[in-house]
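Chemist: Pasting a predicted model and its sequence here:
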Amino acid sequence: MPFRKPKPREPLTETELLDYAAGALGRRMLTVSELRKRLKMRVEDNAEGEAKITRVIARLEEMKYLSDPRFAADFTRLRQENQAFGKRRIANDLRNKGVAQPLIESTLTTAFEDVKELDLAREHLRKKRLKPPTNEKEAARIVRRLATAGFSMGTIFAALKELKASDEVLSEVESIQEVEE
């Protein structure tokens, strides 16, 4: 049985678009960029549709339902506390969500001013239940996990040192660290 093509949706009016946007924001935090993408699928593909989206977004910002600075601060705090991610990972995630680079930098500077990256790396290792490496393969796995979590090679080196990794592994990580700098 062949699948039928979905019926094309009728473009929403501005009031319906506002209701749709408020519902989407009620279900999940969104950036202006993410909300704009969602709204584009609900309006006509012309200047009038863009104008509707702009007015709806302005109205939501005015009502304080939508705010990129608040989103960035909350997202950063949650990623830092719940998943113990490093600066690089959080910055990359915010970039993927459409947050402007200057806002990302200021948010991360504020969020990480009282946080030691090594403490965060320790917490990440604890949450992931990673044990001290006994060979190079296990150490490489820990390095990959910490790098994916957004930690710098200096922090990864310090964390491996605390885990009492072998000298061969530490010298290998140190050589990678020198290349990165």
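Modeler: Done, it's in.

Chemist: Residue ranges of each domain in this structure, please.
Modeler: As recorded under automatic domain parsing, the domains making up the chain are 14-62, 68-111, 117-180.

Chemist: Just put those domains in TSV and tack on mean neighbour count.
Modeler: Just so you know, the C-beta spots here come from the backbone N, C-alpha and C atoms, and that holds for glycine as well. What follows is the domains of the chain, written out as TSV (neighbours: other C-beta atoms under 10 Å):
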stretch	mean neighbour count
domain 14-62	15
domain 68-111	17
domain 117-180	16
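
Chemist: a markdown table please, covering these and showing distance to F3.
Modeler: Formatted as a markdown table, the domains of the chain follow (distance: least, C-beta to C-beta, whole Å):
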| stretch | distance to F3 |
| --- | --- |
| domain 14-62 | 20 |
| domain 68-111 | 31 |
| domain 117-180 | 38 |
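
Chemist: in the protein, which spans are helices?
Modeler: Assigned by DSSP state H, the helices in the chain fall at 14-27, 32-40, 47-62, 68-82, 87-96, 101-111, 117-127, 136-148, 153-162, 167-180.

Chemist: Can I get these in TSV including mean pLDDT?
Modeler: Output for those, formatted as TSV (pLDDT from 0 to 100):
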stretch	mean pLDDT
helix 14-27	94
helix 32-40	95
helix 47-62	95
helix 68-82	94
helix 87-96	95
helix 101-111	96
helix 117-127	90
helix 136-148	86
helix 153-162	85
helix 167-180	63
